[in-house]
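> structure here, sequence nowhere to be found:
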């Protein structure tokens, strides 16, 4: 049964991320950000953790998530800062930065969602965004056409992360599952693809684009999951989480248009 759960998580994760990428490439440009910013790996991770265990574990999973997401933005900051050197140095350095921050969070895990947000998430996001924003930026972020090979890479990474989440949740505990639900597999593949296609000068702009609306949508999804999963269950809770994310994104989009 456990092996079947791991296999199904890998397949579902890969298919979902492939579909999300394909849809994001085909919708109007004003909606592309909304589609690609929808939580995918973390949403499926929460779903499979709830299905393979119980909804009773979700508070522990979700309260660690702000720290896990902060480690992602540490990866983004280090990758961007090292991007002027080379792609391998950027990727290795970013993953080392992620691992070091994750190790601190695992050693001193937050005892509540609010504490994780205030102590781990907000300081890293604010400092990282400010730092990256003040780096030289290209005038316009050029899109990259997602070929089948690139989609396959993203699907493979996404499916692998989801399978890892299921394995770690069963073997090492809920916090480890929460940590890897935010593993920057999709972001690392995005950085690699843009670096290879457009070069290192575009990387600060790519990194900056990952903060808004991404930081808000991920945190909104996690907080709504914390409220709804124990009471509404996994499936209805997931639907409410996505609805909340879309409402928040629509409000942010309308505010941007008025400005």
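Happy to help now that I have it. The structure presented is a predicted model; accordingly, all values stated were derived computationally and were not measured.
> lowest average confidence, helix or strand, in this protein?
Least confident element among the helices and strands of the chain, by mean pLDDT, DSSP states H and E: helix 29-37 (a mean of 57).
> not counting sequence-adjacent ones, nearest residue to the spatially most central residue of the chain?
In the chain, the residue lying closest to the centroid (C-alpha atoms, centre = their mean) is residue 182, at 5.0 Å. Closest residue to residue 182 apart from its sequence neighbours, by C-beta to C-beta, 6 or more residues apart in numbering: residue 68 at 3.9 Å. For glycine as for every other residue, the C-beta is placed from the backbone atoms N, C-alpha and C.
> could you check how far the one helix or strand the one you found maps to is from the centre of its chain?
Residue 68 belongs to helix 58-82 when assigned by DSSP states H and E. In terms of C-alpha atoms, centre = their mean, to the nearest Å, the centre of helix 58-82 is found 8 Å from the chain centre.
> quick one: contacts of the strand or helix carrying residue 208?
For residue 208, the host element (DSSP H and E) is helix 203-209. Helix 203-209 is contacted from outside by 76-77, 79-80, 83, 90, 129, 132-133, 135-138, 141, 190-191, 194-195, using C-beta atoms under 8 Å, 6 or more residues apart in numbering.
> buried subset of those residues, written for PyMOL?
A single PyMOL command selects the buried members of the contacts of helix 203-209 (16 or more other C-beta atoms under 10 Å):
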select buried, resi 76+77+79+80+83+90+129+132+190+191+194+195
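> need the contact list for residue 75.
94-95, 97-98, 184, 187-188.
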